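In: sequence and predicted model, in that order:
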Amino acid sequence: MGLRAAAWAMALGLVGAAPPPDGWGVTPLPDPRQEAAARRLMHELRCLTCQNQSIAESNAPQAETMRALVRERIRAGRSPEDVRAELIERYGDWVSFRPPPRPDTWLLWAMPVVALGLGAVVVRRLLR
């Protein structure tokens, strides 16, 4: 590949990686059912910039890009679970506020039950 072809390939790659235009992630879908499904999913996905905010609540550019991607996929007819799976594949389990139950996440799922059990034991001993 010549230098000119490499320059064109790089330029086209940069165009494809450009952030979406302003407002792209904010425009609601025309179908109210699709928009409701997209919004529910957006509340379950973590903003990678803000970390403890959902992409629905965040004003970060990355959250806007992720909202646009969610709306685009939902508009194309994909299910919210398919979109979630795509984002988890791309960014890891951490992007979801609801990580999938697997052997490596069992401890995460069990911790609330363990904490409640320990709290009950402590309260019981204090009340004796």
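Out: Ah, there it is. Residues are numbered from 1 along each chain as shown.

In: where does the protein dip in pLDDT?
Out: Residues of the chain that meet the criterion pLDDT under 70 lie in 1-25.

In: could you break it into its assigned domains?
Out: As given by automatic domain parsing, the domain ranges for the chain are 23-97, 103-128.

In: any chance of the ones you listed in a markdown table with mean neighbour count as columns?
Out: From N, CA and C alone the C-beta is placed, and that goes for glycine too. As requested, these are arranged in a markdown table below (neighbours: other CB atoms under 10 Å):
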| stretch | mean neighbour count |
| --- | --- |
| domain 23-97 | 16 |
| domain 103-128 | 9 |
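
In: quick one: the helices in the protein?
Out: The residue ranges that make up the helices of the chain, judged by DSSP state H, are 3-16, 32-44, 61-75, 80-91, 106-127.

In: now for the longest one, which elements pack on it?
Out: Spelled out, that is helix 106-127. Secondary-structure packing of helix 106-127 (3 or more CB pairs under 8 Å, 6 or more residues apart in numbering; DSSP states H and E): no helix or strand packs against it.
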